[in-house]
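*Asks:* Coordinates for the following, if possible.
(3 chains)
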Amino acid sequence: MARIVELEAYIGRDDRASHARFGETARNRVMFGSPGLAYVYLVYGMYDCLNVVTEPEGSPAALLVRAVQPLEGVALMRSDRIAQAASRHRARAAERAATEAERIRRLPADRLASGPGLVAAAFGLDTGWTGIDLCDPVAPLRLEPAPTDEARVAILATPRIGIPGAGQPWIALPWRLSLVGHPSVSGPIATR
DNA sequence: GCAAGGATATCG
DNA sequence: GATATCCTTGCA
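*Replies:* Residues are numbered from 1 along each chain as shown, chains lettered A, B, ... in the order given. I've put the predicted structure just below:
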């Protein structure tokens, strides 16, 4: 179990940064489906990214889960991260995988899932998880409401990360939301 | 500052 | 079929 601390919104066919910008394709099909479904895609050939479909059927939109704070099952998340690192280095030196495993073992729990690729790695997700209903209370991966005492938190809105043409008005929209100052938010401390 | 790495969308 | 690109990460 983990608490979502950072998200990015991708909304509509006109969102030039969204996978839906070219219309419906085999990869992004689920974005046009029912809200609450998972969309997991592979980026840069190495990292899977978890998204939650948000708009009604026919209206493509999703939230990219950029970072979570691990709460329960930290040991499993750590071993999932290490396993993902090992498979990523399978073609390369096993020594590299070993040193990365050691680095992950030393990571504080707060930094185990501080990035979109790291969220999927910590939960052991890949593209095969696309289409799972995250609102199903018995789904193996699901969303749950935050405890009521956490209902009011300070939220920071900044431009979305890693998008080419960051100067354009439609890209500069502050659609990246994160908990102010939270240690599990991605990026250097100054940007949290 | 950049390399790693594979799927994808677009072009020929 | 070839290739430029990509909602990233960690190390030089």
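
*Asks:* Return the residues of chain A in contact with DNA strand C.
*Replies:* For chain A, the contact set with DNA strand C under Cβ under 7 Å from any atom of the strand comprises A:8, A:10, A:17-20, A:43-47, A:49, A:51, A:62, A:64, A:99-100, A:103, A:115-119, A:160-164, A:186. For glycine as for every other residue, the C-beta is placed from the backbone atoms N, C-alpha and C.

*Asks:* from those residues, which ones fall inside strands?
*Replies:* A:8, A:10, A:43, A:47, A:49, A:51, A:62, A:64 (DSSP state E).

*Asks:* re earlier: keep only the residues of chain A next to DNA strand C that also lie close to DNA strand B.
*Replies:* Within the residues of chain A next to DNA strand C, those near DNA strand B by Cβ under 7 Å from any atom of the strand are A:19, A:43-46.

*Asks:* and the residues you listed as CSV, adding pLDDT and neighbour count?
*Replies:* Shown next, in CSV, are those (pLDDT from 0 to 100; neighbours: other Cβ atoms under 10 Å):
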residue, pLDDT, neighbour count
A:19, 96, 16
A:43, 96, 12
A:44, 95, 8
A:45, 93, 6
A:46, 94, 13
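
*Asks:* can I assume residue A:192 is in contact with residue A:181?
*Replies:* Yes - counting by Cβ atoms under 8 Å, residue A:192 does reach residue A:181; the two are 5.7 Å apart.
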